[in-house]
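>>> Based on what follows, work out the 3D shape:
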Amino acid sequence: MSEVTVHVGGHVTLLFSIHSNSLLSRNQGSKGAGFCLEDGVEVSIKRTDNETDKISVTTIDGSTLDGGLKLYSDLIESFRELFQINERIDVNVRLELPISQGFGMSAAGLLATSLCLGEFFDRGDEGQLARLAHRIERQISGGLGDILGLWAGGCELRTKPGSPPSPGVAQGFSVGCKALLVWDPDGMKHTSGYIDDPSWKKKITLAGEASVNRLMQNSWDIGVWDILLQEADKFALESGLLEEKTRADLLDVVLTNATTNMSCHLCMLGTSLIVVPRDLSQDFDTDELASKLRKLGLGVRETTLQ
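Here you go, the predicted model:
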């Protein structure tokens, strides 16, 4: 096979609890709920005659990412060791959303790369490849449950932490509606700053466990939509994450310009928001809101929920 391309959508976490104490990365992760996105990461792999792998990452604005290549090289080396592959490759990664804004770009990039490697070399099954991606993401203290969420797809609920296909447990249902992603270009956050901090970890986990327990009392289908949006707001308040000024200011700006059928929620853990329909049966047009927010200097991307 001369070249293989794989696309994996991004992921937005609305609420979560932290489970990172296990010595085994496959048991680390989070419970929680969120949305899988159509926009994400595209990875292409082809053979090269070079003596080393060539990895290039293109960002949302078309520039080349100088840092942040280690997660891809670590994944490739782990794949190579696992499946006894010696050939060198040319890997091109194209990011459709910004990094460090809570859109699951490290998870989507790792999962897309792992699946692409598996297809290119005809090695492994989807479960093995997803678990490998999860392990590398935990090694870099990236996301906790993004890969498990992507595994479930759609609007997902993670009820047992860990890597897919096991021991992590998650379920999802399809939504297929439009959504608007909004972020502060100067407000990037790294997940490790929260999940590795004892104080934040305690507050987040208490709020997240309560939300997940309440959500588990419902059938996980489209009928839970209103309850999920309410729980996302409760979590943002009870975890203390909404108290951070940059997040609160961003939410105020978006709410001021949003219409009554727009439900605005923090993306965990960026300085970012996702705007979704409050009522899925009504028309949902984000063009005017997107235009207003761009004029204010905010990052904006119209996307679709899986």
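
>>> Ramachandran coordinates for Asn257?
With angles defined as degrees, to the nearest 10, Asn257 sits at phi -100, psi -10.

>>> Which residues are in contact with it?
By CB atoms under 8 Å, 6 or more residues apart in numbering, the contact list for Asn257 reads 289, 292-293. Glycine gets a C-beta too; all of them are placed from N, C-alpha and C.

>>> State the helix or strand in which the residue nearest to Glu96 when sequence neighbours are not counted lies.
Nearest-residue entry for Glu96: Asp39, 4.4 Å, with adjacent residues in sequence omitted and distances by CB to CB, 6 or more residues apart in numbering. Using DSSP states H and E, Asp39 sits within strand 29-47.

>>> which element follows that strand toward the C-terminus?
Moving toward the C-terminus from strand 29-47, the next helix or strand (DSSP H and E) is strand 54-58.

>>> What are the buried residues along that next one?
For strand 54-58, the neighbour count (16 or more other CB atoms under 10 Å) marks 55, 57 as buried.

>>> Give me the angle between the strand holding Asp39 and strand 54-58.
Angle of strand 29-47 versus strand 54-58, following axes from the mean of the first three to the mean of the last three CA atoms, to 10 degrees, is 120 degrees.

>>> export strand 29-47 as PDB, just CAs?
C-alpha atoms of strand 29-47 as PDB (Å, rounded to 0.1, in the frame of the first residue of the first chain):
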ATOM      1  CA  GLY A  29      -8.800   7.800  32.700                       C
ATOM      2  CA  SER A  30     -12.000   9.600  33.500                       C
ATOM      3  CA  LYS A  31     -15.700   9.200  33.900                       C
ATOM      4  CA  GLY A  32     -17.700  11.900  32.200                       C
ATOM      5  CA  ALA A  33     -19.700  13.000  29.200                       C
ATOM      6  CA  GLY A  34     -19.000  15.000  26.100                       C
ATOM      7  CA  PHE A  35     -19.400  15.400  22.300                       C
ATOM      8  CA  CYS A  36     -17.500  13.900  19.400                       C
ATOM      9  CA  LEU A  37     -16.900  16.300  16.600                       C
ATOM     10  CA  GLU A  38     -16.700  15.900  12.800                       C
ATOM     11  CA  ASP A  39     -13.700  18.300  12.600                       C
ATOM     12  CA  GLY A  40     -10.500  16.900  14.000                       C
ATOM     13  CA  VAL A  41      -7.200  15.400  12.700                       C
ATOM     14  CA  GLU A  42      -6.300  13.900   9.400                       C
ATOM     15  CA  VAL A  43      -3.200  11.700   9.200                       C
ATOM     16  CA  SER A  44      -1.500  10.400   6.100                       C
ATOM     17  CA  ILE A  45       1.400   7.800   6.000                       C
ATOM     18  CA  LYS A  46       3.600   6.700   3.200                       C
ATOM     19  CA  ARG A  47       7.000   5.000   2.900                       C
END
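
>>> What are the phi and psi values at the residue nearest to the spatial centre of the chain?
In the chain, the residue lying closest to the centroid (CA atoms, centre = their mean) is Gly104, at 2.3 Å. With angles defined as degrees, to the nearest 10, Gly104 sits at phi 70, psi 30.

>>> distance of Leu266 from Gln217?
23 Å (CB to CB, to the nearest Å).

>>> what's the answer for Gly127, then?
Taking CB to CB, one finds Gly127 at 29 Å from Gln217.

>>> The two: who's more crowded?
A direct count of neighbours by other CB atoms under 10 Å for Gly127 and Gln217 places Gly127 higher, at 13 against 8.

>>> Help me confirm that the more buried one is found in a helix?
Yes. According to DSSP: H, G, I helix; E, B strand; the rest coil, Gly127 belongs to a helix.

>>> Any stretches of the stretch 151-300 of the chain with poor pLDDT?
For the stretch 151-300 of the chain, applying pLDDT under 70 flags the ranges 188-193, 195.

>>> related to what we said a few turns ago, tally of neighbours for the residue nearest to Glu96?
Residues lying near Asp39 (other CB under 10 Å) number 20.

>>> My guess is it contacts Leu305. True?
No. Look at Asp39 against Leu305 with CB atoms under 8 Å: they stay out of range, at 10.4 Å.

>>> and the helix or strand Asp249 falls within, how far from the chain's centre?
Assigned by DSSP H and E, Asp249 belongs to helix 245-257. In terms of CA atoms, centre = their mean, to the nearest Å, the gap separating the centre of helix 245-257 from the centre of its chain is 21 Å.

>>> which outside residues touch the helix or strand just after it?
Later in the chain than helix 245-257, the nearest helix or strand by DSSP H and E is strand 262-266. With CB under 8 Å, 6+ apart as the test, strand 262-266 has contacts from 14, 102, 229, 232-233, 236, 241-242, 247, 251, 254-255, 258, 272-278, 284, 286, 289.
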